[in-house]
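[1] what shape does this take:
(4 chains)
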2 protein chains.
Amino acid sequence: MALEHLFQGSALNAVDAKGRVSIPAFLRGVIERRGDARTIVLAKHEAFPCLSAYDPAYAALKHAKLERLLEKEETGPDAQLEYQQRNLIAFAATEEVPYDSSGRILFPPMMRRKGQIGDLALFLGTGETFQIWNPELLLRDDRVPDDVKDIARFRLEERGAS
Amino acid sequence: MALEHLFQGSALNAVDAKGRVSIPAFLRGVIERRGDARTIVLAKHEAFPCLSAYDPAYAALKHAKLERLLEKEETGPDAQLEYQQRNLIAFAATEEVPYDSSGRILFPPMMRRKGQIGDLALFLGTGETFQIWNPELLLRDDRVPDDVKDIARFRLEERGAS
DNA sequence: CGCTCACCCACGAAAACCCATTGTATCCCA
DNA sequence: TGGGATACAATGGGTTTTCGTGGGTGAGCG
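    From the prediction side, this is the model:
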């Protein structure tokens, strides 16, 4: 699997009183080059206290991956159960949200809570997907590399100084 | 991995009041021969106080490498976390910037600070990638070979004498 | 009837674009 | 071989477009 277009870069955007957020233009560009949907899929990240996001085309790809995994390790007795569990997580625990002509989504309340997003959303490209963080939470997490924390600090400063 | 076209040579260009810099034409030539993008990817260099730069095709190649690494050493419990950290550094801590028809980019403020670039940018080809230095910083670094410092001195003189 | 969400418009700042100038290297031809 | 014409690179400045953001309005639904 080699996706042609990758998510990269960072941005810190505001969540307004209505719960709306602008998806950074450079991420939207990748989404629309991968497929023609103007939509993102949100999920709780499996390792970090943040959200994982991607485009519908990638979701389909992920599904195909799971299918292949099932066929491969169908030997064990738990294989079937694991497959069901994975499918639940991959599809039931996610939300698909379209963004409007100005590039904004309405943040689903459940996801906003799961990601503990306040009134600032930090977007981080990670190649196949991107992440959405509460910047304060990122700065407090021991597992996040210092270089990445520097980004969060810079983006916060950039905004505060104005 | 053997890239056909390599970055080589040096140049000293000005960063103007708007934060724009010309990417030397001989580097642009390599970028456009490697792929058809008119874009460079900027990252903090992992060892030197300068920036590392390359084309999107090289970034994709780097990503494929990480993917293979994951599938191979998925045995250890830390493998998953390390993969996440690597991805963050490789994609969140980098910025992709397009250059215009005259070959200029707008230097992203965050990268400019990370590379401590003032109003002069020294470009050095290093094969698969190239580097962007503050020339004064390069002259002060003990690890940089004298021959390379001579290049920097020559480029500075060339500019000062005019 | 009240609430929410999908549109619509509006504004300021920033980025992308276009055009003009300069200097330098290259080419051509006498 | 010299000298002029030419092409391209680097740079400065102005103008237009895009982006992020705030606020309003009306349709749909409980």
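[2] where does the residue minimising distance to the centre of chain A fall, secondary structure wise?
    The residue lying closest to the centre of chain A (C-alpha atoms, centre = their mean) is A:A53, at 2.0 Å. Secondary structure assignment for A:A53, by DSSP states H and E: strand A:51-54.
[3] and that strand, does that touch DNA strand D?
    No - using C-beta under 7 Å from any atom of the strand, strand A:51-54 stays clear of DNA strand D, with a minimum separation of 14.5 Å. C-beta: built from backbone N, CA, C; applies to glycine.
[4] just checking, what packs against that strand?
    Applying 3 or more C-beta pairs under 8 Å, 6 or more residues apart in numbering or on different chains; DSSP states H and E, one finds that strand A:51-54 contacts strand A:39-44, strand A:130-133.
[5] so after the last one, what's the next helix or strand?
    For strand A:130-133, the succeeding helix or strand toward the C-terminus, using DSSP H and E, is helix A:135-140.
[6] the helices and strands packed on strand A:51-54: which one's closest to DNA strand D?
    DNA strand D lies closest to strand A:130-133 among these, at 12.4 Å (C-beta to the nearest atom of the strand).
[7] for the closest one, name the packing helices and strands.
    Strand A:130-133 sits against strand A:51-54, strand A:120-125, with contacts defined as 3+ C-beta pairs under 8 Å, 6+ apart.
[8] that one and DNA strand D in contact?
    No - figure legend: strand A:130-133 not in contact with DNA strand D (C-beta under 7 Å from any atom of the strand); closest approach 12.4 Å.
[9] adjacent strands (with direction) for that strand?
    Applying DSSP bridges, strand A:130-133 is found paired with strand A:51-54 (antiparallel), strand A:120-125 (antiparallel).
[10] and that strand, average pLDDT?
    The average pLDDT within strand A:130-133 is 98.
[11] could you do stretch A:82-89 as well?
    For stretch A:82-89, mean pLDDT is 71.
[12] ditto for stretch A:98-118
    Taken as a whole, stretch A:98-118 carries a mean pLDDT of 96.
[13] close enough to count as contact, A:K18 and A:R104?
    No - checked against C-beta atoms under 8 Å, the pair A:K18 and A:R104 is beyond contact range at 9.5 Å.
[14] coming back round to it: and the next element down the chain from the strand holding A:A53?
    Next in sequence after strand A:51-54, counting helices and strands by DSSP H and E, comes helix A:56-72.
[15] tally up the residues packed near the residue of chain A found nearest DNA strand C, please.
    Residue nearest to DNA strand C within chain A: A:L106 (4.4 Å; C-beta to the nearest atom of the strand). Other residues within reach of A:L106, judged by other C-beta atoms under 10 Å in any protein chain shown, total 14.
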